[in-house]
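Participant: Any chance you can model this:
(one chain, ligands or ions: 1)
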Amino acid sequence: MTRIQPSKIVCVGRNYAKHAAELGNDVPVEPLIFLKPPSSLVFEGDDIVLPQGAGRVDFEGEIGVIIGRRARNVAAADAWDCVEALIAVNDVTARDLQRTDGQWTRAKGFDSFCPVGTPIPLAEVDRSALGVRTRVNGEVRQDGPASDMVFDIPAIIAHISSIMTLEPGDLIATGTPDGIGPLSAGDEVVVEIVGVGSVTNRVVAGH
Ligand code: MG
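Facilitator: Numbers count the residues shown, from 1 in each chain. Okay, here's the model as predicted:
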């Protein structure tokens with residue numbers, strides 16, 4: 001299994017209208033971005049650890065993009081040329097802390113809060129039919145086509161690369177569709193880029 005080592009993990013918030021609505025938020029007028037620390041990464045089969053006292057912790061299944069070459073001020077029309085692979089991402093989120101903190105570093109940044117699968121080379125992917133599906137204990141909880149994204153993947157790359165240089169290996173998490181929900185110790189959560197690749201993790205209580 002390839003274990004990615006991004007210099008940064010850039011995430012897009014509220015990028016599916018129905019997900020924004022389910023949390024009582026409007027869709028942003030430009031991509032809303034935040035960072036997760038690389039120390040939050042875990043891999044196939046690793047545990048998602050619920051931090052003690054953090055309150056509600058949610059799964060967020062997302063399509064991840066792995067950058068293949070340095071990207072700075074890339075036009076959307078050229079953005080796919082900068083992509084090396086896609087990867088299933090679970091943007092695990094301490095929902096209560098996200099609300100109370102006002103900024104998202106803690107809520108998104110705990111160790112184990114970024115499970116990722118194996119990178120799937122872009123050349124092996126049908127980009128015209130992307131979607132992400134999340135199952136918890138075998139039950140489908142999220143099933144969102146990428147065509148529902150407010151900002152598509154090229155627009156996201158163009159936007160982020162206008163702010164910060166994207167380095168080879170960097171990971172972008174492109175937002176979650178509706179259906180997010182809380183995780184409990186003992187749950188098994190699977191995020192799948194449908195027909196492309198997935199990541200499976202067990203949830204455990206922290207001490
Ligand atoms: Mg997310």
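
Participant: how about the worst-scoring helix or strand of the chain on mean pLDDT as PDB, C-alpha atoms only?
Facilitator: Least confident element among the helices and strands of the chain, by mean pLDDT, DSSP states H and E: helix 17-22 (a mean of 92). Extracted C-alpha coordinates of helix 17-22, given in PDB (Å, rounded to 0.1, in the frame of the first residue of the first chain):
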ATOM      1  CA  ALA A  17     -25.500  22.300  -1.700                       C
ATOM      2  CA  LYS A  18     -27.500  19.600   0.200                       C
ATOM      3  CA  HIS A  19     -24.700  19.100   2.700                       C
ATOM      4  CA  ALA A  20     -24.400  22.900   3.300                       C
ATOM      5  CA  ALA A  21     -28.200  22.900   3.900                       C
ATOM      6  CA  GLU A  22     -28.200  19.900   6.300                       C
END
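
Participant: Buried residues, it. List them.
Facilitator: Burial within helix 17-22, assessed by neighbour count using 16 or more other Cβ atoms under 10 Å, is assigned to 17, 19-20. C-beta here means a position set from N, CA and C on the backbone, and glycine is covered the same way.

Participant: what packs against that helix?
Facilitator: In this structure, helix 17-22 packs against no helix or strand, with contacts taken as 3 or more Cβ pairs under 8 Å, 6 or more residues apart in numbering; DSSP states H and E.

Participant: next structured bit after that helix?
Facilitator: Using DSSP states H and E, the helix or strand that directly follows helix 17-22 along the chain is strand 32-36.

Participant: Would you mind putting the buried residues of helix 17-22 into JSON lines with distance to the ion alongside?
Facilitator: As requested, those are exported to JSON lines (distance: Cβ to the ion, whole Å):
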{"residue": "17", "distance to the ion": "14"}
{"residue": "19", "distance to the ion": "8"}
{"residue": "20", "distance to the ion": "11"}
